[in-house]
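Undergrad: With the sequence up front, the predicted model follows.
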Amino acid sequence: MTTILETERLLLRNWEDTDRELFAYLLGDPAVTRYLLPCRKPAEVQARFDRMREQIGETGYGFCALEHKATGRSIGWCGLYETCLEPCLPAGTVEVGWRLHRDHWGQGYAAEAARACLRDGFTTRELDEIVAFTVVTNHRSRAVMEQIGMRRDPAGDFEHPRVPEARPDLKSHVLYRLSREEWHAHLGSR
């Protein structure tokens with residue numbers, strides 16, 4: 001097991017074969033993917049799992065498995081990911097993102113893991129800025145973004161270029177940002 005980051009209650013680590021079932025759940029469960037495009041085709045799910053694991057293995061960077069330290073069980077993912085959603089978000093934009101098994105919602109795990117990712121991004125990786133984005137109506141994720149110190153940038157809100165026109169409910173996204181200077185000034189000492 002390769003641990004990338006550690007928090008009080010969680011390990012952020014690379015994916016293991018025993019995580020495949022959870023990974024498929026995170027991509028296909030209707031409650032978890034309510035604000036996302038679900039992925040239910042087994043071959044596509046497994047290909048995404050393999051790509052994610054390979055990327056983290058090579059770079060130490062990506063959406064890592066979240067393991068609950070007390071139970072040793074995987075409960076979701078969190079991490080930093082270099083995204084490109086031209087023309088909305090240019091290549092090189094780094095986002096923080098998370099997805100949890102619904103049994104673990106509302107317990108502070110997403111914020112705890114995301115804070116560790118921000119610290120790593122701004123200190124170890126020396127990033128200038130980290131963003132997060134979600135569907136306008138995803139109030140749970142927006143609350144996490146605000147809890148971790150991100151601020152909404154209404155001028156950066158966008159229509160997601162990869163969401164098909166057949167899903168207008170998932171098209172409009174809000175953008176949150178946090179700069180390294182803001183993080184150091186307000187959150188870095190915590």
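TA: Sure, I can see it.
Undergrad: And stretch 133-149, what's buried?
TA: By neighbour count, with 16 or more other CB atoms under 10 Å as the criterion, the buried positions of stretch 133-149 are 133-135, 138, 141-142, 144-145, 148-149. No exception for glycine: its C-beta is placed from N, CA and C like everyone else's.
Undergrad: Return the subset of the residues you listed lying in strands.
TA: Secondary structure defined by DSSP state E assigns 133-135 of the buried residues of stretch 133-149 to strands.
Undergrad: Dump those residues to TSV, plus pLDDT.
TA: Below are these laid out as TSV (pLDDT from 0 to 100):
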residue	pLDDT
Phe133	98
Thr134	98
Val135	97
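Undergrad: Quick check: the gap between the residue nearest the centre of the chain and Ala113.
TA: Residue closest to the average C-alpha location in the chain (CA atoms, centre = their mean): Gly97, at 1.4 Å. Relative to Ala113, Gly97 is positioned 10 Å away (CB to CB, to the nearest Å).
Undergrad: what touches both of those two?
TA: Common contacts of Gly97 and Ala113 (CB atoms under 8 Å, 6 or more residues apart in numbering): Cys78.
Undergrad: Buried residues of the helix of greatest length in the chain, list them for me.
TA: The single longest helix within the chain, with elements called by DSSP state H, is helix 42-59. Going by neighbour count (16+ other CB under 10 Å), the buried part of helix 42-59 is 45, 49, 52-53, 55-56.
Undergrad: which parts of stretch 72-82 are buried?
TA: Across stretch 72-82, burial judged by 16+ other CB under 10 Å covers 74-81.
Undergrad: try stretch 101-119
TA: Result for stretch 101-119 [16+ other CB under 10 Å]: buried residues 101, 109-119.
Undergrad: Just the terminal-to-terminal distance for that stretch.
TA: Stretch 101-119 has an end-to-end distance of 24 Å (CA to CA, to the nearest Å).
Undergrad: For stretch 113-127, measure first residue to last.
TA: 18 Å.
Undergrad: check contacts around Ser172.
TA: Residues near Ser172 by CB under 8 Å, 6+ apart: 135-136, 157, 159-160.
Undergrad: With distance to Thr18 as added columns, please give those residues in CSV.
TA: Formatted as CSV, the contacts of Ser172 follow (distance: CB to CB, whole Å):
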residue, distance to Thr18
Val135, 31
Val136, 36
Asp157, 39
Glu159, 38
His160, 32
